[in-house]
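S.K.: A predicted structure for the sequence below; I have some questions about it.
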Amino acid sequence: MRTKEMNILFTSSGRRVSLIQEFIKTFQEDGLPGRVITADLKVTAPTAFISDRHYIVPRVNGDQYLEALMDICLKERITAIIPLIDTELELLAMNRAIFERHGVKLLLSSCELNEISANKKNTYKFFRENNIPTPKVYTDEEIEQKLYKFPLIIKPRNGSSSQGVTKIHNEQELHFFRAYIPQAMVQEYVTGEEYTIDAMVDFEGNIKTIVPRLRIETRAGEVSKGVTKKDAAIIEAAEQLVRKLPGAVGCITLQCFKQPDGEITFIEINPRFGGGVPLSIEAGARFPRWTVDILNGESFNETDYTWKDNLMMMRYDEAIFKRDVPYGC
């Protein structure tokens, strides 16, 4: 099948340099016609200096955001938009038709799935209703009656990137952080190996691959050291979960613990490219190429688990130097 020109717009691209580089590399190595365009609030976004073209846009919650994206789509003949942060997933999902009327696809899951993932109480409810093991979330009544045991985890219901996630050791900390953290949610504390899982799903819900990544070390909620693991139990549990997700499309990022007794306990669903997905790509899971394929109308008729096991990623800071960058955005 001949690949059509594919101009992809990555929104809220920020520091996602490795992911953008992987898409550019795929276009070049596979001889795919098209360009990689990025957009971000800041002129100093590192991705601005590696994409084919970069645009400065208003804040995601600003009145002119959607209009700005549409202007870019028309000017650059954009084929598809791929959002990269949680805060715009629901907004774009609700306004999908605006872009599709102009022939622009969104690599984006359904409104229902984005509503489930955006609020941790909705995520917890989904897990419980679908018999998916997950840490218990305590109600206000259970907390008042002290039907819990320490340690606990407290986090904001609408948080992301591990912001506000705090381990609670005693009553004093529980009282303080419940008042301090907006829309605080109190959760059972679980132990074990923590995994992030990258799954690739086409527009019909067919799964191409699932890549578990053991989180060795994190920084600011994003993995800084990780290793791929062909853990059959985790892959099977993730597959069962992904098949239950309503309207999953593209890269779906899951988080779970493999507890000492072997139980796979899920804690998060993020229907977008996760920050650590370059490890899965480097291991051989061809997320950029598969993205182009499904945007060109292809379906996943076969799975692909040829990616490398036990490949480790160790991230470090790298700088981009540019003169005369107009600062102030």
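M.R.: Sure thing, it's come through.

S.K.: C-alpha only now, for contacts and for neighbours.
M.R.: Will do.

S.K.: Can you check the pLDDT for Ser162?
M.R.: Predicted confidence (pLDDT) at Ser162: the value is 60.

S.K.: for this structure, which spans come out with low pLDDT?
M.R.: Scanning the chain for pLDDT under 70 picks out the ranges 1-3, 159-163, 328-329.

S.K.: all strands of it, in order?
M.R.: Counting by DSSP state E, the segments of the chain that form strands are 8-11, 36-40, 53-56, 80-83, 105-106, 152-156, 166-168, 184-188, 193-201, 207-219, 222-228, 250-258, 264-270, 312-314.

S.K.: Which stretch among these approaches Phe176 most closely?
M.R.: Judged by Cα to Cα, the one of the strands of the chain that comes nearest to Phe176 is strand 166-168, at 9.9 Å.

S.K.: For the residue nearest to His169 when sequence neighbours are not counted, give me its contacts.
M.R.: For His169, the nearest residue in space outside its immediate sequence neighbours is Pro151; the separation is 4.8 Å by Cα to Cα, 6 or more residues apart in numbering. In this structure, Pro151 makes contact with 167-170, 188-189, judged by Cα atoms under 8 Å, 6 or more residues apart in numbering.

S.K.: How much space separates Pro151 from Ile168?
M.R.: Taking Cα to Cα, to the nearest Å as the measure, Pro151 falls 5 Å from Ile168.

S.K.: tell me the contacts of the nearest residue to Pro156 once chain neighbours are set aside?
M.R.: For Pro156, ignoring the flanking residues on the chain, the nearest one in space by Cα to Cα, 6+ apart is Ala184 at 4.6 Å. When contacts are counted by Cα under 8 Å, 6+ apart, Ala184 touches 154-157, 177-178.

S.K.: Phe127 too?
M.R.: Residues near Phe127 by Cα under 8 Å, 6+ apart: 133-134.

S.K.: In contact with Thr253, which residues?
M.R.: Applying Cα under 8 Å, 6+ apart, the residues near Thr253 are 196-199, 269-274.

S.K.: about what we covered before: return the members of the contacts of Pro151 classed as buried.
M.R.: In terms of neighbour count (16 or more other Cα atoms under 10 Å), the buried residues within these are 167-168, 188-189.

S.K.: which outside residues touch stretch 21-33?
M.R.: Defining contact as Cα under 8 Å, 6+ apart, one finds that stretch 21-33 is touched by 3-6, 34-36, 50-51, 278, 281, 288-289.

S.K.: Mind doing that once more with 6 Å?
M.R.: Counting by Cα atoms under 6 Å, 6 or more residues apart in numbering, stretch 21-33 makes contact with 5, 288, all of which sit outside it.

S.K.: Check which residues of it are buried.
M.R.: In terms of neighbour count (16+ other Cα under 10 Å), stretch 21-33 has its buried residues at 21-24, 26-27, 32.

S.K.: Break down the stretch 1-150 of the chain into its helices, ranges please.
M.R.: Taking DSSP state H, counting those that start in this stretch as the criterion, the stretch 1-150 of the chain carries its helices at 17-29, 65-76, 89-94, 96-100, 111-118, 120-129, 140-144.

S.K.: Same list, those, but as CSV with distance to Phe321 please.
M.R.: Written out in CSV, the entries for the helices of the stretch 1-150 of the chain read as follows (distance: least, Cα to Cα, whole Å):
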stretch, distance to Phe321
helix 17-29, 14
helix 65-76, 26
helix 89-94, 31
helix 96-100, 35
helix 111-118, 35
helix 120-129, 39
helix 140-144, 51
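
S.K.: Just name the most buried of the ones you listed.
M.R.: The densest packing among the helices of the stretch 1-150 of the chain, expressed as mean neighbour count by mean count of other Cα atoms under 10 Å, is seen in helix 111-118 with a mean of 21.

S.K.: what helices or strands is that helix leaning on?
M.R.: Contacting helix 111-118 under the criterion 3 or more Cα pairs under 6 Å, 6 or more residues apart in numbering; DSSP states H and E are the following elements: helix 120-129.

S.K.: quick one: the helix it packs on to chain centroid distance?
M.R.: With Cα atoms, centre = their mean, to the nearest Å as the basis, the distance from the averaged C-alpha position of helix 120-129 to the chain average is 18 Å.
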